[in-house]
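**Student:** I would like the atomic coordinates for the input below:
(2 chains, ligands or ions: 2)
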Amino acid sequence: MTTIPRPAAAVPHEVLPRLLPRTPLDLAAHTARYGPRAGTGALSAVLAEAGLTGRGGAAFPVHRKIDSVAAAARRSGRAPVVVANGCEGEPASHKDATLLRLAPHLVLDGLLTAADAIGARTAHLAVERGSGLLPGLRAALSERPGDRVSLAEVPRRFISGESSALTGYLSGGNGLPRFPQPPTRERGVGGAPTLVQNVETLAQLALIARYGPGWFRTAGTSAEPGSMLCTVHTAGTAPRVFEASAGTPLRRLFGPLPYPVQAVLVGGYHGSWLPAAALERRLAAADLGVPLGAGVLAALPADRCGLVETARVLRYLALESAGQCGPCLNGLPRIAAAFADLADPSRAAWAPGLLDDLARWSGLVEGRGVCHHPDGTVRLVRSALTVFAAEAYAHQSGHCTAGNPTAVLPVPSETAPEALR
Amino acid sequence: MTPDLHLAVDWTACTAHGLCAELLPERVTLDEWGYPLLDDTPLPREAVRRAGRAAADCPVLALKLRRNAGR
Ligand SMILES: Cc1cc2nc3c(=O)[nH]c(=O)nc-3n(C[C@H](O)[C@H](O)[C@H](O)COP(=O)(O)O)c2cc1C
Ligand code: SF4
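**Tutor:** Ligands and ions are numbered 1, 2, ... in the order given. Purely as a prediction, here's the structure:
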């Protein structure tokens, strides 16, 4: 039995926000607000007790990854590496950039505490090229002359933040996902055992190391403890980033909505459409029945076409396929094209086989790539076909029920992604 | 105890030669684009040698035998 150390710093009173100050904090303001960076005593046990899971999309328990990287380092005799993943390739997500702008020192604290805990001597922090985050991060690092963190920019692509793509890029590779054998936790950057964590995960870790697991659990539900950062999209207004306690009713998160809602997108472009009734549920994977991903939420107005919205996102996702796995290369463009036909009643009415094609191709790409890009894409397709089934029927009968063609979900450019180097 | 072995494909290497489906027809069929569809349940002991040979014969070494270690 490991004993959980007492909290290292006075526990703050207010519940939320924990991670997001109103204005950017320099090191002095950061230390005044949160106290000094905490040591690493029994970090894995503390995180297990807290129940911290990854905030980059997969919600994997952090302590288990820390344990397996530490074990791989012992077995191989190689010093491990830690990578803070701030790539945020998901175009509808802004929470990682917001966090890195407002509380860079919290992320750096978490990165260094994780590095100390597993005996890593190298720490990386990666963001997307063009994000404009590097100058602020350089300034933050210059305030901490004793701390060595190397900053990197990855190509602006959806898949750049996938862990094997990221560690490959940091090793001088092309930045594409690779066959997950051996896994990143055993062979990542430069072939060393590598811990990859999302930047929000590390910021949460930095606070848990200071204030303890009991404090962490004062927010959230017992099954999904703590707070999480969300990017909330309401049609007609700029996306907003919130820190929410898991268990908050979705309607409260959205605030007063200026329009009747038809459906809610939960978990971003690898996520799921849910019927509008989901607004009355709580922000928790167990309540919504779907993964929360990286916390992207969008409320689709009743006067828009969910098939048109989904078709635009699918076209983007197909273009973002790395094109290196046969089923993904062949399947995603076909799925996107068939969905575009379905979204257009003048074509859908003449193509009765569309739904069968979509179902078959979805089955053929699922689980058949080296990364989960096809799996996430299929999740979106299937949820759209379920939630917008009546609309699909209307389109196949030659008409669309939506009155407003204005797009809701952001899709970056209509051109191909940044070329590989 | 031998750990369970099962078939896997390195999708970044596979170029749809289809040899695996000829060598292991009871385990591998091809999809409509020529890529392998695997039965990836654990290989029975008597199938391991043939599966190993099929993996070695794949022109681009995309067919793999993997231990059941999870992801
Ligand atoms: C296609 C794809 C893209 C991803 N992009 C990101 C990303 O931009 N940022 C991120 O933190 N995780 C991303 N991930 C998840 C990472 O592979 C990895 O699980 C995560 O960084 C681990 O950190 P966490 O456990 O703290 O969430 C992506 C995964 C996939 C399949
Ligand atoms: S599954 Fe698709 S996106 Fe992922 S590595 Fe393979 S081709 Fe690229």
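**Student:** from here on, contacts and neighbour counts on C-alpha atoms
**Tutor:** Will do.
**Student:** Tell me the spacing between whichever residue of the stretch 301-421 of chain A sits closest to chain B and B:Thr12.
**Tutor:** Chain B sits closest to A:Cys325 of the stretch 301-421 of chain A, with a gap of 4.7 Å, by Cα to the nearest Cα. Separation of A:Cys325 from B:Thr12 (Cα to Cα, to the nearest Å) stands at 5 Å.
**Student:** Then A:Ala72?
**Tutor:** 25 Å.
**Student:** Up against ligand 2, what does the stretch 151-300 of chain A have?
**Tutor:** Selection of the stretch 151-300 of chain A residues close to ligand 2 by Cα under 6 Å from any ligand atom yields A:Pro177.
**Student:** 8 Å instead?
**Tutor:** Within the stretch 151-300 of chain A, the positions near ligand 2 by Cα under 8 Å from any ligand atom are A:159, A:176-178.
**Student:** Reformat those residues into a markdown table and put secondary structure, neighbour count and pLDDT next to each item.
**Tutor:** As requested, those are arranged in a markdown table below (DSSP: H, G, I helix; E, B strand; the rest coil; neighbours: other Cα atoms under 10 Å in any protein chain shown; pLDDT from 0 to 100):
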| residue | secondary structure | neighbour count | pLDDT |
| --- | --- | --- | --- |
| A:Ile159 | helix | 25 | 96 |
| A:Leu176 | coil | 25 | 96 |
| A:Pro177 | coil | 26 | 97 |
| A:Arg178 | coil | 24 | 96 |
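**Student:** Out of these, which comes closest to A:Ser227?
**Tutor:** A:Ile159 (25.7 Å; Cα to Cα).
**Student:** And the residue nearest to the closest one when sequence neighbours are not counted, how close does it get to ligand 2?
**Tutor:** Spatial nearest neighbour of A:Ile159, chain neighbours left out: A:Gly89 (6.6 Å); criterion: Cα to Cα, 6 or more residues apart in numbering or on different chains. Separation of A:Gly89 from ligand 2 (Cα to the nearest ligand atom, to the nearest Å) stands at 12 Å.
**Student:** Go ahead and confirm A:Gly89 touches A:Val127.
**Tutor:** No. The pair A:Gly89 / A:Val127 is not scored as a contact, 9.1 Å apart, by Cα atoms under 8 Å.
**Student:** what about stretch A:305-314, near ligand 1?
**Tutor:** No. Judged by Cα under 8 Å from any ligand atom, stretch A:305-314 and ligand 1 are separated, with a smallest distance of 13.5 Å.
**Student:** Please enumerate residues in contact with that stretch?
**Tutor:** A:263, A:269, A:300, A:335-336, A:339-340, A:342-344, A:377, A:380-381, A:384, A:388, A:391-392, A:400-402, A:404-405, A:407-409, A:411 (Cα atoms under 8 Å, 6 or more residues apart in numbering or on different chains).
**Student:** Now the buried members of the residues you listed.
**Tutor:** Buried members of these, scored by 16 or more other Cα atoms under 10 Å in any protein chain shown, are A:263, A:269, A:300, A:335-336, A:339-340, A:342-344, A:377, A:380-381, A:384, A:388, A:391-392, A:400, A:407-409, A:411.
**Student:** can you tell me which of the residues you listed are in helices?
**Tutor:** Secondary structure from DSSP state H places A:335-336, A:339-340, A:342-343, A:377, A:380-381, A:384, A:391-392 of the buried ones among the contacts of stretch A:305-314 in helices.
**Student:** For the top helix by length along chain B, list every residue counted as buried.
**Tutor:** Longest helix in chain B by number of residues, with DSSP H as the criterion: helix B:48-57. Neighbour counts over helix B:48-57 (16+ other Cα under 10 Å) mark B:48, B:51, B:54-55 as buried.
**Student:** Going by distance to ligand 1, which of those wins?
**Tutor:** B:Ala55 (26.4 Å; Cα to the nearest ligand atom).
**Student:** out of everything not next to it in sequence, what's closest to the closest one?
**Tutor:** B:Leu63 (4.9 Å).
**Student:** Now do the strands in chain B.
**Tutor:** Under the criterion DSSP state E, strands of chain B are mapped to B:5-9, B:28-30, B:36-38, B:63-67.
**Student:** Show residues contacting the third one.
**Tutor:** Identification of contacts with strand B:36-38 by Cα under 8 Å, 6+ apart yields B:7-8, B:16, B:18, B:20-21, B:27-31.
**Student:** mind putting the buried residues of helix B:48-57 in a markdown table, pLDDT and distance to A:Arg55 included?
**Tutor:** Below are these laid out as a markdown table (pLDDT from 0 to 100; distance: Cα to Cα, whole Å):
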| residue | pLDDT | distance to A:Arg55 |
| --- | --- | --- |
| B:Val48 | 93 | 40 |
| B:Ala51 | 95 | 39 |
| B:Ala54 | 95 | 40 |
| B:Ala55 | 96 | 37 |
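**Student:** between those, which is nearest A:Val296?
**Tutor:** Closest to A:Val296, out of all of the buried residues of helix B:48-57 and judged by Cα to Cα, is B:Ala55, at 41.5 Å.
**Student:** Verify the stated contact: the closest one with B:Arg66.
**Tutor:** No. In this structure B:Ala55 lies outside contact range of B:Arg66 using Cα under 8 Å: 10.9 Å.
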